[in-house]
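Novice: test case, fold it:
(one chain, ligands or ions: 1)
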Amino acid sequence: GSEKLAMEAAAPSPPVFLTQDELKKIAAYKAVEFVQSGMVLGLGTGSTAKHAVDRIAELLRHGKLTNIVGIPTSKKTHQQAVSLGIPLSDLDSHPVVDLAIDGADEVDPDLNLVKGRGGSLLREKMIESATKKFIVIVDETKLVSRVGATGAMPVEVVPFCWKFTQDRLQGMFGYAGCAAKLRRDAGGEPFVTDNKNYIVDLFFEKDIGDLKVASDAILRLAGVVEHGMFLDMATTVIVAGELGVTIKNK
Ligand code: 5RP
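Specialist: You can find the predicted model right below:
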């Protein structure tokens, strides 16, 4: 189901046009309304999730939330949370997460996601697979008709013979006009993930078909660690757009 909510206090009054970052913040603040004292919280990664982590810290500072344990989904979010004084733990100590809040690169009508264009997909998927409730926060530019529609589908691979894995991935999706490219940093060196792996980004010209079949095929390839398709994981998606906030529930 889907419910329309009026724009709230977090949204500035006129002028009507909000920046993309303001929309991200509105979605993030709305998600944090679902946080309760005593929760084990998955802390997402990226420019949208950053606003949620800031907001959680602010509520902790003001005593409006207490007894929170954060599980960060990346080294970057770990640093942010430490700097803000949020108490942290990990999945070894807290294997069950109450609520995770994170951004996404694409959201399809069934609430399947593409994540990992920021490079943190493995820890995100581990933590977001262990959560009871997973709220995804996006501005409306992230909504797509099908997964893989707007850009890279990231795949985390081991560095050993990455080119072999890249070529196998490209071949696997030949029917969808796939181009597989090793992600590189600004200096032209391979981008290295928090887990010391590489990322191969898949770009599709056509629909990849059944997502579960595609997901299983990628995961069966030796050399692949994880991919950025998050199927049937989001329980709620909060979308902030110029006309207000929409909450979509699975
Ligand atoms: C990082 C992610 C991010 O959630 C995704 O890239 C969205 O980022 P942003 O909120 O900055 O648009 O999956 O691995």
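Novice: contact partners for Ala44?
Specialist: That one is not Ala; residue 44 is Gly. Shown in contact with Gly44 (C-beta atoms under 8 Å, 6 or more residues apart in numbering): 52-53, 73, 77, 100-103, 124, 137. All C-beta atoms are positioned from the backbone trio N, CA, C, and that covers glycine.
Novice: brain fart, Phe164
Specialist: Phe164 makes contact with Gly223 under the criterion C-beta under 8 Å, 6+ apart.
Novice: just confirm it is within a helix.
Specialist: Yes: counting by DSSP: H, G, I helix; E, B strand; the rest coil, Phe164 is located in a helix.
Novice: show me which residues of the protein sit near the ligand.
Specialist: Residues of the chain lying near the ligand by C-beta under 6 Å from any ligand atom: 44-49, 102-105, 115-121, 124.
Novice: among those, which ones are buried?
Specialist: 44-46, 48-49, 102-105, 115-121, 124 (16 or more other C-beta atoms under 10 Å).
Novice: just to revisit the earlier point, next step: the contacts of Gly44 restricted to helices.
Specialist: 52-53, 77, 124 (DSSP state H).
Novice: distance to Leu59 and pLDDT for those residues - can I get that in a markdown table?
Specialist: Below are the ones in helices among the contacts of Gly44 laid out as a markdown table (distance: C-beta to C-beta, whole Å; pLDDT from 0 to 100):
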| residue | distance to Leu59 | pLDDT |
| --- | --- | --- |
| Ala52 | 11 | 98 |
| Val53 | 11 | 98 |
| Thr77 | 17 | 98 |
| Glu124 | 23 | 98 |
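Novice: out of those, which is nearest to Ser215?
Specialist: Nearest to Ser215 among the ones in helices among the contacts of Gly44 is Glu124, at 15.2 Å by C-beta to C-beta.
Novice: could you find the closest non-adjacent residue to the closest one?
Specialist: Distances taken as C-beta to C-beta, 6 or more residues apart in numbering put Thr73 closest to Glu124, at 4.4 Å, once the chain neighbours are dropped.
Novice: these two touch, right, that neighbour and Ser120?
Specialist: Yes: using C-beta atoms under 8 Å, Thr73 is in contact with Ser120, at 5.6 Å.
Novice: would you map the strands across the protein?
Specialist: In the chain, the segments counted as strands under DSSP state E are 2-5, 40-43, 69-72, 97-102, 106-107, 113-114, 131-139, 153-157, 179-182, 198-203, 224-227, 229-230, 236-241, 244-249.
Novice: show me what the fourth one is in contact with.
Specialist: Translated: strand 97-102. Strand 97-102 is touched from outside by 28, 31-32, 34-35, 39-46, 49, 52, 71, 73, 91, 115, 124, 127-128, 130-137, with contacts defined as C-beta under 8 Å, 6+ apart.
Novice: now, of these, which are buried?
Specialist: Neighbour-count burial (16+ other C-beta under 10 Å) applied to the contacts of strand 97-102 gives 28, 31-32, 35, 39-46, 49, 52, 71, 73, 91, 115, 124, 127-128, 130-131, 134-137.
Novice: if you rank every helix and strand of this structure by mean pLDDT, what lands last?
Specialist: strand 2-5 (a mean of 50; mean pLDDT, DSSP states H and E).
Novice: before we move on, back to that, out of the strands of the chain, flag the one nearest Pro190.
Specialist: Nearest of the strands of the chain (C-beta to C-beta): strand 198-203, 5.0 Å.
Novice: now for that closest one, which elements pack on it?
Specialist: Contacts defined by 3 or more C-beta pairs under 8 Å, 6 or more residues apart in numbering; DSSP states H and E place strand 198-203 against strand 153-157, helix 162-172, strand 179-182.
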